[in-house]
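Visitor: Quick one, fold the following:
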Amino acid sequence: MSIPSHEPKRPARARVVLYTTGGTIASTDADGSGGVAPNLAGAALLGEAAGAIGDIDLAVVGVRQVPSGELTIADAIEVSGRLRRDFANGFDGAVVAQGTDTIEEFAFALDLLTVAGSPVVVTGAMRHPGELSADGPANLAAAIRVAGDSRLRDLGVLVVMNDEIHAARFVRKSDSSSLGAFASRTTGPIGRVVEGRARRYVNPPPLARVIEPDRLGPFVPPVALVGCALGDDGRLLEHLADLGYAGVVIEGFGGGHVPGRLVGPLAALAGEVPVVLASRTGAGDVLESTYGYDGSERDLLGRGLISAGFLDGRKARVLLSLLLGTGASTAQVAAAFARLHRSATGLA
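Guide: Modelled structure (predicted):
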């Protein structure tokens with residue numbers, strides 16, 4: 001006669017997949033030239049993180065081996081496809097390790113493309129492995145633990161750096177070299193990693209799904225990102241359509257303003273391609289109805305420009321590129337930006 005055991009059932013080990021793409025986190029001076037370049041992969045990239053990921057089964061997949069400036073929106077589309085397949089095959093979470101220069105854009109592209117409840121975490125390093133107090137192993141270990149934590153499902157794509165957990169939709173790289181380079185000025189981090197465990201303080205509302213990944217082809221139409229600066233005469237704007245750009249994002253001053261001399265070229269552009277109005281400040285929403293002068297937000301939106309809402313120029317460009325890649329019309333682009341904004345602010 002067997003006696004039933006009263007020992008608690010051990011939870012299944014979380015399965016996490018790590019995609020490596022290069023970046024500072026993978027960079028060493030392999031040829032002795034004095035400058036580092038991405039060349040670490042697999043177990044070599046994990047380094048000290050391998051012994052600090054806890055009770056997690058980890059698979060490592062090499063995707064690219066490049067500086068982050070070489071990554072493209074097409075790469076994000078490829079990774080999102082891999083994510084969907086791996087989640088369908090039973091993985092519980094995923095981490096993307098990349099260079100920090102383009103994390104905010106790459107992570108946001110994944111957020112728009114990856115329809116999955118499982119945690120997706122993007123991380124990197126500000127100091128390469130040869131530097132004193134390199135942060136790559138700690139960031140990797142924290143990211144893997146977050147990706148393996150079922151309590152962090154349905155939060156969208158996350159960025160984990162310096163033990164802070166950020167929502168991809170809000171995070172920006174705000175310093176060229178500081179370990180604390182990543183910040184979410186609109187909301188602050190949604191959580192932290194403390195003693196190897198995730199702590200969640202904020203639940204961002206789910207983003208509306210405005211991109212249909214199955215409609216995306218291998219070619220993403222080019223979208224220009226143009227900033228405003230003191231005294232700019234706007235001569236670039238007059239040539240963008242002729243250069244073959246399928247859309248334009250203009251980063252205006254403050255709440256979405258441009259000098260009056262830019263109004264004509266922008267209005268003409270908006271008659272040819274979708275033109276999205278963002279703020280160059282990097283935080284806060286584009287205004288809608290406060291100012292009334294030529295070049296104000298009311299003037300520009302009334303002339304057919306599309307509000308970026310809470311998105312900064314770089315993320316607005318990612319969204320516009322993906323929308324145009326699905327064949328969206330100007331009206332559909334405007335509706336998608338408005339819907340995404342409402343969902344991100346909990347008003348959908």
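
Visitor: what's the domain layout of this protein?
Guide: Per the record, the chain has its domains at 14-200, 222-344, by automatic domain parsing.

Visitor: Report the rounded mean pLDDT for the shortest one.
Guide: Okay, so that is domain 222-344. When pLDDT is averaged along domain 222-344, the result is 96.

Visitor: and the domains of the chain as a markdown table, adding mean neighbour count?
Guide: From N, CA and C alone the C-beta is placed, and that goes for glycine too. Formatted as a markdown table, these follow (neighbours: other CB atoms under 10 Å):
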| stretch | mean neighbour count |
| --- | --- |
| domain 14-200 | 20 |
| domain 222-344 | 19 |
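
Visitor: can you redo those as TSV with distance to Asp214?
Guide: Shown next, in TSV, are those (distance: least, CB to CB, whole Å):
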stretch	distance to Asp214
domain 14-200	10
domain 222-344	9
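
Visitor: quick one: which of those domains is nearest Arg215?
Guide: Distance to Arg215, taken as CB to CB, is lowest for domain 222-344 among the domains of the chain, at 4.1 Å.

Visitor: what's Ser279 sitting at in phi/psi?
Guide: Dihedral pair for Ser279: phi -110, psi 140, per degrees, to the nearest 10.

Visitor: so it sits right up against Val258, yeah?
Guide: No: assessed by CB atoms under 8 Å, Ser279 is found out of contact with Val258, at 11.1 Å.

Visitor: which residues do those two both contact?
Guide: Gly252 (CB atoms under 8 Å, 6 or more residues apart in numbering).

Visitor: And the contacts of stretch 172-187?
Guide: 100-101, 103-104, 126-127, 135, 159, 161-162, 164, 166-167, 170-171, 190, 202, 204, 282-284, 310, 312.

Visitor: Go through those and flag which are in helices.
Guide: Applying DSSP state H to the contacts of stretch 172-187, the entries found in helices are 103-104.

Visitor: Filter the contacts of stretch 172-187 down to just the ones in strands.
Guide: Taking DSSP state E, the ones among these that sit in strands are 159, 161, 164, 166-167.

Visitor: Which parts of the stretch 201-348 of the chain are strands?
Guide: 223-227, 247-252, 275-279, 306-307 (DSSP state E, counting those that start in this stretch).

Visitor: Can you pull out the residues in contact with the longest strand anywhere in the chain?
Guide: Longest strand in the chain, counting residues (DSSP E): strand 56-66. With CB under 8 Å, 6+ apart as the test, strand 56-66 has contacts from 13-23, 26, 38-39, 41-43, 45-46, 70-71, 75, 78-79, 82, 91, 99, 144-145, 148.

Visitor: So which of these sit within strands?
Guide: Residues of the contacts of strand 56-66 located in strands (DSSP E): 14-22, 38.

Visitor: and these as CSV, adding distance to Arg339 and pLDDT?
Guide: CSV is the format used below for the ones in strands among the contacts of strand 56-66 (distance: CB to CB, whole Å; pLDDT from 0 to 100):
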residue, distance to Arg339, pLDDT
Ala14, 33, 94
Arg15, 33, 96
Val16, 31, 97
Val17, 30, 97
Leu18, 33, 97
Tyr19, 29, 97
Thr20, 34, 96
Thr21, 30, 96
Gly22, 34, 96
Pro38, 37, 95
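
Visitor: Nearest to Val273 among the residues you listed?
Guide: Of all the ones in strands among the contacts of strand 56-66, Thr21 has the smallest distance to Val273: 30.6 Å, by CB to CB.

Visitor: The closest one and Asp101 touch, don't they?
Guide: No: with contact defined as CB under 8 Å, Thr21 and Asp101 do not form a contacting pair (12.0 Å).

Visitor: Overlap in contacts, those two.
Guide: By CB under 8 Å, 6+ apart, Thr21 and Asp101 have these common neighbours: Ser68.

Visitor: got TSV for the strands of the stretch 201-348 of the chain, with distance to Val63 too?
Guide: Converted to TSV, the strands of the stretch 201-348 of the chain look like this (distance: least, CB to CB, whole Å):
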stretch	distance to Val63
strand 223-227	23
strand 247-252	27
strand 275-279	29
strand 306-307	32
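
Visitor: so which of those comes closest to Ser321?
Guide: Ser321 sits nearest to strand 223-227 of all the strands of the stretch 201-348 of the chain, at 4.7 Å, using CB to CB.
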